[in-house]
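Asker: Turn this into a model:
(one chain, ligands or ions: 1)
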Amino acid sequence: MIKQLIKNIIAATAGTLGWSLVKRGDKKLIVLMYHRVLPVTDARYQREEPGMVVSETTFAMHMQTLKDENLPVMTVSDWLAQPESAKAPLTIAITFDDGWLDNYEYAFPVLKQFGFPSTLYVVTDFLGQPAPFWPNKVLTLLLSPEATITPEWQALLKLTGEDIKVPMSRDAAAEVIDKLKQHSDHEIYQALKPIPAATNVPVEMISLEQLLDAKHNMQVEVGCHTRRHYRLKESLSGAQLVEEVVEAKDILEQKTGTKVTTFCFPNGDFSKEAHQLVSQHYDAAVTTMRGINTLKNLSPHSLLRIGVHNDISDTPLKFKAKLSNFGRS
Ligand SMILES: [Zn+2]
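Answerer: Residues are numbered from 1 along each chain as shown. A predicted model of the protein is given here:
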């Protein structure tokens with residue numbers, strides 16, 4: 001009880017005092033990181049990891065808060081290109097990772113109302129696909145009320161540990177996913193292969209046609225988030241790294257007919273080689289490292305972001321505390 005009270009007081013202080021401090025001093029860029037935006041009643045919301053989603057109403061409240069605070073919203077690329085003297089004390093950039101269809105359905109229309117631009121980091125091989133990411137495949141398996149462990153799960157259980165019980169809660173499933181992240185993406189996809197995939201899985205990723213509509217009519221900048229969402233760790237071969245960083249860019253440029261100049265590291269992971277390759281081929285790259293970019297600490301290929309999800313940002317005060325870089329997750 002007292003712990004919660006203290007937590008609330010700290011959050012309120014961060015949302016007021018902390019926020020007023022952020023707006024002063026060196027010129028800053030806050031890059032917001034969103035994944036999915038969905039109505040709470042949507043089945044996709046219920047299936048998703050809590051840390052990956054904001055509700056449609058929370059998202060609209062965030063945008064209203066930015067407007068109420070009179071903050072300029074622009075893309076990372078535009079902010080970097082802006083001369084120092086023209087930069088506002090605090091600018092906001094809005095980014096979405098992965099290329100979810102729900103961004104097109106629920107977030108972009110809100111952004112259009114506010115006249116805010118944004119950047120969508122697309123995984124090129126996933127355009128127009130049903131849930132192609134392993135965390136979602138795993139979640140579907142673990143949360144489904146009909147879930148039962150069969151011999152086909154053998155390889156997966158080797159990676160998760162044998163002691164899991166299905167169906168499980170969303171929080172328990174999130175822990176399993178965290179544990180799986182220790183293994184390479186390739187290993188996890190191999191382990192999932194023998195398990196029959198759920199049938200009738202709807203398309204969950206934005207299609208090329210929708211992406212072009214967003215780009216032309218909703219001020220959405222197209223950024224690259226690799227070809228297959230492989231984490232760019234040391235374990236990746238040189239050829240795989242080129243496919244994920246350089247080929248992905250070429251494919252996206254061909255498909256959209258525009259230059260793609262910004263990149264987003266999957267899961268925020270990168271080896272030294274990956275960082276070098278990205279720096280050679282892109283003007284800017286965003287990470288999952290948490291923080292606020294200032295002109296003094298600016299590193300255009302390792303931009304800091306602030307991840308936002310529903311549980312930690314569902315009031316304007318909590319959102320401003322988050323923008324002030326308060327709290328752990
Ligand atoms: Zn991603």
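
Asker: So the closest residue to the ion within the stretch 151-300 of the chain versus residue 169, what's the distance?
Answerer: Going by CB to the ion, the ion is nearest to residue 266 of the stretch 151-300 of the chain, at 4.8 Å. Any C-beta I mention is one placed from the backbone N, CA and C, and that applies to glycine too. To residue 169, residue 266 is 26 Å away according to CB to CB, to the nearest Å.

Asker: between these two, who's got more neighbours?
Answerer: Neighbours per residue (other CB atoms under 10 Å) separate residue 266 from residue 169, with residue 266 holding more: 22 against 10.

Asker: Let me see the contact set for that one.
Answerer: Residues near residue 266 by CB atoms under 8 Å, 6 or more residues apart in numbering: 123, 225, 226, 229, 230, 231, 232.

Asker: And residue 135, by the same measure?
Answerer: By CB under 8 Å, 6+ apart, the contact set of residue 135 is 49, 177, 180.

Asker: If we ignore the residues flanking it in sequence, what's nearest the first one?
Answerer: What sits nearest to residue 49 in space, not counting adjacent residues and going by CB to CB, 6 or more residues apart in numbering, is residue 174, at 4.9 Å.

Asker: Residue 53 is in contact with the one you found, correct?
Answerer: No. Taking contacts as CB atoms under 8 Å, residue 174 lies outside contact range of residue 53: 11.8 Å.

Asker: Around the ion, which positions in the stretch 1-150 of the chain sit nearby?
Answerer: Proximity of the stretch 1-150 of the chain to the ion (CB under 5 Å from the ion) is limited to residues 97, 98.

Asker: Just give me how far stretch 303-321 sits from the chain centre.
Answerer: Mean-position distance between stretch 303-321 and its chain equals 13 Å (CA atoms, centre = their mean, to the nearest Å).

Asker: of residue 174 and residue 53, who's got more company?
Answerer: residue 53 (25 against 19).

Asker: show me what contacts that one?
Answerer: Residues near residue 53 by CB under 8 Å, 6+ apart: 35, 36, 37, 38, 45, 309, 310.

Asker: Residue 251 should be in a helix, yeah?
Answerer: Yes. Counting by DSSP: H, G, I helix; E, B strand; the rest coil, residue 251 is located in a helix.

Asker: Next, the residue of the stretch 151-300 of the chain closest to the ion: phi, psi?
Answerer: Per-residue torsions, residue 266: phi -60, psi 130 (degrees, to the nearest 10).

Asker: Based on its surroundings, how many neighbours for residue 163?
Answerer: Residue 163 has 6 neighbours, counted by other CB under 10 Å.

Asker: Does it lie in a helix or a strand, and which?
Answerer: Under the criterion DSSP states H and E, no helix or strand holds residue 163.

Asker: Let me see the confidence value for residue 3.
Answerer: In this prediction, residue 3 carries a pLDDT score of 75.
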